[in-house]
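> coords please:
(chains A and B)
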There are 2 protein chains.
Amino acid sequence: MNLRLTVVTLGVDDLERAARFYEQGLGLKASAASQGDIRFYQCGAAVLALYPRKGLLEDAQLPEARLGEPGRFDGVTLACNCASRQEVDALMARALAAGARAVKTPQQVFWGGYSGYFEDTEGHLWELAHADFFTLNEQGGLVLPPPGS
Amino acid sequence: MNLRLTVVTLGVDDLERAARFYEQGLGLKASAASQGDIRFYQCGAAVLALYPRKGLLEDAQLPEARLGEPGRFDGVTLACNCASRQEVDALMARALAAGARAVKTPQQVFWGGYSGYFEDTEGHLWELAHADFFTLNEQGGLVLPPPGS
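All right, here's what the predicted structure looks like:
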């Protein structure tokens, strides 16, 4: 399988401020998948997520010091949700073979999924993830649970 | 209409290097819409684009000096392709009312479309664009022309 962009996560300095902007401001509705410090939004055919900037760095296991380095962590991660752990591993291997830098070895993570990170040749972070509780549509897009009632 | 994420553009330091990575490396095929310094890829349900980092700043009419400022331009833009110019204008007005910073007033642009930029509360850039030659699917996703033969 090839790379698919399913989620764009914006690192934010103030989660509540950002959520107000996208929800009250722009009409997005937080999916029921949102919890704690992560907000998920079905945003057209793609999924937008908000997460604290420092938390993004921690999730990717990047040292916090890189926050201020230009050309390094840019406050955004791209995610490719995969149909299985095997796909995560295979895609990670392919990315590394293509010249990506290994950032986080795919592993069981606290939210119940299996996830790894690589950095592309330009310094952008991609997460490769598999979780049984996330559904992919026929085009490989992530289908979020609808907003809570 | 609400905000929809249709394209993620990665600002790159070396376009050919990045294109090799995503094409030969990861199996994406450049859409026939690619030309000059812009590469478009259907990437699952979303669209990924590569564009020189400086060009992205110029396209958004941001002074180049902001490249190195942490928390400001982060090397990624998010795009929402709209069905009409009126939708671009309406969504821009809504974003500004919600607290976005106006970056580029929607205007006819060199590639034949109508486009404006705003900056969200966290410093992330969104482009709002309309172009007759781009097709949107029923979910509001951008449908790219298939790869050239």
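> ranges for the strands of chain A?
A:7-12, A:39-43, A:46-52, A:76-81, A:101-108, A:114-119, A:125-130, A:135-136, A:142-143 (DSSP state E).
> figure out which of these is closest to residue A:87.
strand A:125-130 (6.7 Å; CB to CB). Just so you know, the C-beta spots here come from the backbone N, C-alpha and C atoms, and that holds for glycine as well.
> next one: that closest one to chain centre, how far?
6 Å (CA atoms, centre = their mean, to the nearest Å).
> could you do stretch A:89-97 as well?
Chain-centre distance of stretch A:89-97: 17 Å, with CA atoms, centre = their mean.
> does that stretch reach chain B?
Yes. Using CB under 8 Å from any CB of the partner chain as the criterion, contacts between stretch A:89-97 and chain B involve A:94, A:95, A:97.
> just among these, which is most surrounded?
residue A:95 (24 neighbours; other CB atoms under 10 Å in any protein chain shown).
> burial of the nearest residue to that one once chain neighbours are set aside, as a residue count?
Leaving aside its chain neighbours, residue A:95 sits nearest to residue A:118 (4.7 Å; criterion: CB to CB, 6 or more residues apart in numbering or on different chains). Residues lying near residue A:118 (other CB under 10 Å) number 24.
> just to check, residue A:118 is in contact with residue A:102?
Yes. Counting by CB atoms under 8 Å, residue A:118 touches residue A:102, with 6.1 Å between them.
> give me the common contacts of these two.
A:92, A:96 (CB atoms under 8 Å, 6 or more residues apart in numbering or on different chains).
> what residues are up against residue A:3?
Contact analysis of residue A:3 by CB under 8 Å, 6+ apart lists A:80, A:91, A:95, A:126, B:22, B:26, B:27, B:28, B:43, B:48.
> can you list these in CSV and add pLDDT?
CSV is the format used below for the contacts of residue A:3 (pLDDT from 0 to 100):
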residue, pLDDT
A:80, 84
A:91, 86
A:95, 85
A:126, 84
B:22, 81
B:26, 77
B:27, 81
B:28, 84
B:43, 81
B:48, 87
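> buried ones only from these, please, as a ChimeraX command.
If you want just the buried ones from the contacts of residue A:3 in ChimeraX, going by 16 or more other CB atoms under 10 Å in any protein chain shown, the selection is:
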select /A:80,91,95,126 /B:22,26,28,43,48
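> what's the closest of the contacts of residue A:3 to residue A:144?
Nearest member of the contacts of residue A:3 to residue A:144, counting by CB to CB, is residue A:80, at 15.4 Å.
> does the closest one touch residue A:47 like I think?
No. Counting by CB under 8 Å, residue A:80 stays clear of residue A:47, with 11.5 Å between them.
> list the residues that contact both of those two?
In contact with both residue A:80 and residue A:47: residue A:6, using CB under 8 Å, 6+ apart.
> which single one of the contacts of residue A:3 is nearest to residue A:134?
residue A:80 (11.7 Å).
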